[in-house]
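In: quick one, fold the following:
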Amino acid sequence: MKKKILYPFLPLLLLLFFSCAQKIVSNKATDYNKKPKKIFVLTTCTKDGKKAGKELSLALQQQFKLKNIACTGYEHDDQSFDTGEDINKKVSAYAPEAILLITQTDTDLKSGEGIFFLTLQDAQTKRSVWKSSVNVGMSAIYHDETLPITVDSIIKKLIADGLI
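Out: Numbering: from 1, shown residues only. Okay, the predicted model is just below:
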């Protein structure tokens with residue numbers, strides 16, 4: 001009988017769980033005051049995390065474009081044949097003001113989560129000026145529900161840190 005009481009509230013509980021914004025902690029170089037208007041998003045991940053990494057990259061690029069920031073991206077996984085030189089050529093050809101590096105650092109196959117580090121580099125000096133990390137759900141259901149929340153949290157943090 002107690003189980004039946006929970007069923008009507010299950011959609012509400014799921015809504016509350018998925019509507020909570022992900023807390024993003026960042027570190028910004030105090031002497032960096034630029035707001036880049038052209039960003040190259042470079043994503044590096046494992047084969048298992050490629051889908052999540054690519055979707056995170058594309059979602060961030062879409063949000064940058066909505067904020068009038070020109071951007072493009074490239075996804076690189078551990079089975080790619082592109083060398084560092086090949087990737088540098090792609091970045092140089094785009095001539096960005098900044099490079100956003102999205103790097104998968106860990107995957108927990110049991111929980112379906114991947115940890116991604118985000119690093120914003122000034123393209124001219126190659127200096128890292130902003131760092132953060134996020135947990136991204138990599139299973140289809142979890143990822144589809146949390147990706148917009150994660151991207152929104154990243155964008156809000158970039159705004160709060162004065163970068164966009």
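In: is it fair to say residue 80 lies in a strand?
Out: No: counting by DSSP: H, G, I helix; E, B strand; the rest coil, residue 80 is not part of a strand but coil.
In: do you know how far it is from residue 51?
Out: 15 Å (C-beta to C-beta, to the nearest Å). From N, CA and C alone the C-beta is placed, and that goes for glycine too.
In: with residue 24 instead?
Out: Taking C-beta to C-beta, one finds residue 24 at 21 Å from residue 51.
In: between those two, who's got more neighbours?
Out: residue 24 (19 against 15; other C-beta atoms under 10 Å).
In: quick one: contacts for that one?
Out: 132, 134, 153-154, 156-157 (C-beta atoms under 8 Å, 6 or more residues apart in numbering).
In: pLDDT-wise, what's the bottom of the residues you listed?
Out: Across the contacts of residue 24, the smallest pLDDT goes to residue 134, namely 85.
In: where do the strands sit along the chain?
Out: Listed in chain order, the strands found in the chain under DSSP state E are 26-28, 38-45, 70-77, 98-108, 113-122, 128-137.
In: out of the ones you listed, deepest packed?
Out: Across the strands of the chain, averaging neighbours per residue (mean count of other C-beta atoms under 10 Å) puts strand 38-45 on top, at a mean of 23.
In: starting at the chain centroid, how far to it?
Out: 9 Å (C-alpha atoms, centre = their mean, to the nearest Å).
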